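Q: only the shape, not the letters, is given here:
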């Protein structure tokens with residue numbers, strides 16, 4: 001049974017792009033810990049709502065403002081990951097950041113707090129690159145996940161989503177998501 005579950009998990013992790021699929025990355029979710037939920041919201045759009053153009057490749061391409069609630073006691077660091085689940089060639093990463101302070105409750109639009117590290121997205125760049133689905137596709141779902149962790153990830157700048165999630169495995173105390181949609 002365990003081998004079957006492991007094979008299924010590996011197959012699901014292998015299903016893996018945006019705007020033509022360049023740079024799609026395989027990403028496995030962190031192993032669950034007794035994880036709680038935290039709340040992630042934005043004044044720019046509601047959960048399930050349309051991402052405003054300003055936060056996309058068609059606008060200023062800046063990260064949206066975020067508010068975090070319910071970060072559990074014992075959190076040492078926060079990490080975030082923004083991914084397009086509907087990209088033509090599999091999951092496409094737009095942003096990954098870690099080592100946010102545990103008391104962070106807000107991030108302004110385009111804010112990069114002191115001491116954070118950002119990884120390499122599927123565009124091959126470090127930092128935020130907003131939603132940018134192929135023209136004519138139905139709106140894509142962009143899921144921003146915030147992880148509360150019991151340690152500071154020790155990763156080199158430019159690390160990949162796989163590197164980040166592997167480091168968070170068994171160290172995630174809580175997580176929350178904010179989903180936005182965008183089409184062109």
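A: Thanks, I have the structure now. Predicted, not measured: the structure shown is a model, and the values here were computed from it.

Q: quick one: the helices in this protein?
A: 2-14, 161-168 (DSSP state H).

Q: by mean pLDDT, show me the worst of those helices.
A: Lowest mean pLDDT of the helices of the chain: helix 2-14, a mean of 37.

Q: so for the residue most central in space within the chain, what's the pLDDT?
A: In the chain, the centroid-proximal residue (Cα atoms, centre = their mean) is residue 81; its distance is 1.5 Å. Per-residue confidence at residue 81 stands at 97 (pLDDT).

Q: do the one 10 residues further on as well
A: In the prediction, the pLDDT value recorded for residue 91 is 96.

Q: wait, isn't it in contact with residue 81?
A: No - using Cβ atoms under 8 Å, residue 91 is not in contact with residue 81, being 10.0 Å away. To be clear about C-beta, it is placed using only N, CA and C from the backbone, and glycine gets the same treatment.

Q: lowest-pLDDT helix or strand in the chain?
A: When the helices and strands of the chain are scored by mean pLDDT, DSSP states H and E, helix 2-14 comes last with a mean of 37.

Q: so, low pLDDT: which residues of the chain?
A: Confidence mapping of the chain against pLDDT under 70 gives the ranges 1-35.

Q: strands of the protein, start to end?
A: Secondary structure of the chain (DSSP state E): strands located at 36-37, 39-41, 49-50, 66-69, 77-84, 92-100, 106-107, 117-118, 140-149, 172-182.
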